[in-house]
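Student: I would like to see how this sequence folds:
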Amino acid sequence: MYCKFCGREVDEKAEVCVHCGRRIRNSVSSFLEGSEFTRLKPAREPKSPGLAGFLGFVLSWLFMGPVGYIYLGQWNWFFVTVVVYGVSLLITLGISYIIFPFLFAFHQYQMAQELNEMLPSRARPDGEKPGVQTGDTGPVV
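Tutor: Numbers count the residues shown, from 1 in each chain. As a prediction, this is how the structure comes out:
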């Protein structure tokens, strides 16, 4: 990770840059990154990223976008997004209604991919181990 003020490399968990002395993270971002409440709960079986994104997109138009997190087994994210969704609709006088379907679709799609990567290799839909690429990687002649 790099300091956003001086551009030098700093430790990933650093709160303050050792080079320029400025605070890198605010207390809210530090709280959310390390919070048990926002941590992904491991899935027991593979989840379809396409279905998760579809649920997030379609259900958002019916004011039920956070329901996609229930499909993913992430009740913590369901409750967080219900609150954020409701407050943002009130503050923006409904304008955020147009944006949220895309946000929910994107986030739930990526979350399903992350959950599938966390699964042991025997439970993964493709049978591969996380981070291992199979196939011929040699030069093409």
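
Student: endpoints of stretch 71-79, how far apart?
Tutor: 13 Å (C-alpha to C-alpha, to the nearest Å).

Student: try stretch 40-47
Tutor: Per C-alpha to C-alpha, stretch 40-47 runs 13 Å from first to last residue.

Student: got the buried residues for it?
Tutor: 43, 47 (16 or more other C-beta atoms under 10 Å). All C-beta atoms are positioned from the backbone trio N, CA, C, and that covers glycine.

Student: please parse this structure into its domains.
Tutor: 8-37, 49-123 (automatic domain parsing).

Student: can you lay out those as CSV showing distance to residue 43 and mean pLDDT?
Tutor: Converted to CSV, these look like this (distance: least, C-beta to C-beta, whole Å; pLDDT from 0 to 100):
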stretch, distance to residue 43, mean pLDDT
domain 8-37, 17, 74
domain 49-123, 4, 90
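
Student: would you map the helices across the chain?
Tutor: Under the criterion DSSP state H, helices of the chain are mapped to 27-34, 49-60, 67-71, 75-91, 96-118.

Student: could these go into TSV alongside mean neighbour count and distance to residue 19?
Tutor: As requested, the helices of the chain are exported to TSV (neighbours: other C-beta atoms under 10 Å; distance: least, C-beta to C-beta, whole Å):
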stretch	mean neighbour count	distance to residue 19
helix 27-34	11	19
helix 49-60	20	39
helix 67-71	21	39
helix 75-91	15	34
helix 96-118	18	32
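
Student: circling back: tabulate the domains of the chain in TSV, adding columns for distance to residue 2.
Tutor: Putting these into TSV (distance: least, C-beta to C-beta, whole Å) gives the following:
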stretch	distance to residue 2
domain 8-37	6
domain 49-123	23
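
Student: out of those, flag the one nearest residue 1.
Tutor: When the domains of the chain are compared by C-beta to C-beta, domain 8-37 sits nearest residue 1, at 5.0 Å.

Student: would you mind measuring from residue 65 to residue 118?
Tutor: 23 Å (C-beta to C-beta, to the nearest Å).
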